[in-house]
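K.L.:
Return a 3D structure for these sequence lines:
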Amino acid sequence: MRRTLSLLVLGLALAGPARADDDRVALARDIVSKTVARNLTQAFKQAEEKTLASMSAEQSAKLRPELEKTFAQERDTLVDGLSKEYAQKFDAAELKRLAAIYDDPVYQKFQALNADPTSMVTTITKDAVTKMMNLLSLAALSQQGNGQTPPQGVPAPTPAPAPVPAPAKP
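P.N.:
Numbering: from 1, shown residues only. Predicted structure coming up:
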């Protein structure tokens, strides 16, 4: 009896950390699925539609299933890898706190606004990123000419417009 009890205690002690790791991976998977995977899926769907719109209906119908299958496999690999990595970097309490943040309705509203392609926030961000990329391109062009200035006629980047506050809700 004593030996059986000792083996049981040893088994529980060894299984404890594995169970805790599984719990953390599950918590992390939930967070990754609600954030990175969701945003990636939305972005892929938009890009897929834009790409397939330039093809015939027959071509897009033939290509769509393969694109979606490959995307799903890559997304699952990403979710797996990120979940395991976050589970190693955060304890269960930290992961639960992160999950609570992502489940918060105000945070979800914030994320929805950032993801809306028609929002002013997206327009401001897109304009600023475009100008920054143009600035980097100009810097690269200036280095290609052995330190010479960029070619004439290339406009200097202009600052992004100031954000316009949303109208107050009545």
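K.L.:
mind checking how far stretch 129-141 is from the chain centre?
P.N.:
On the basis of Cα atoms, centre = their mean, to the nearest Å, the separation between the geometric centre of stretch 129-141 and that of its chain is 24 Å.
K.L.:
what's the answer for stretch 49-64, then?
P.N.:
Distance of stretch 49-64 from the chain centroid (Cα atoms, centre = their mean) equals 25 Å.
K.L.:
ok, and what's touching that stretch?
P.N.:
Residues outside stretch 49-64 that contact it (Cβ atoms under 8 Å, 6 or more residues apart in numbering): Glu48. Bear in mind the C-beta positions are built from the backbone N, C-alpha and C, glycine included.
K.L.:
can you give me the end-to-end distance of that stretch?
P.N.:
Using Cα to Cα, to the nearest Å, the span of stretch 49-64 from its first residue to its last is 9 Å.
K.L.:
Need the mean per-residue confidence for that stretch.
P.N.:
Averaged across stretch 49-64, the pLDDT comes to 92.
K.L.:
Same question for stretch 112-119.
P.N.:
With pLDDT averaged residue by residue, stretch 112-119 scores 82.
K.L.:
May I see the buried residues of it?
P.N.:
For stretch 112-119, burial by neighbour count (16 or more other Cβ atoms under 10 Å) applies to no residue.
K.L.:
who's in contact with it?
P.N.:
39, 42, 46, 121-122, 125.
K.L.:
which non-adjacent residue is nearest the most centrally placed residue in the chain?
P.N.:
Nearest to the geometric centre of the chain sits Val36, at 3.3 Å (Cα atoms, centre = their mean). By the measure of Cβ to Cβ, 6 or more residues apart in numbering, the closest residue to Val36 outside its immediate chain neighbours is Leu82, 6.3 Å from it.
K.L.:
Right, I'll leave it there.
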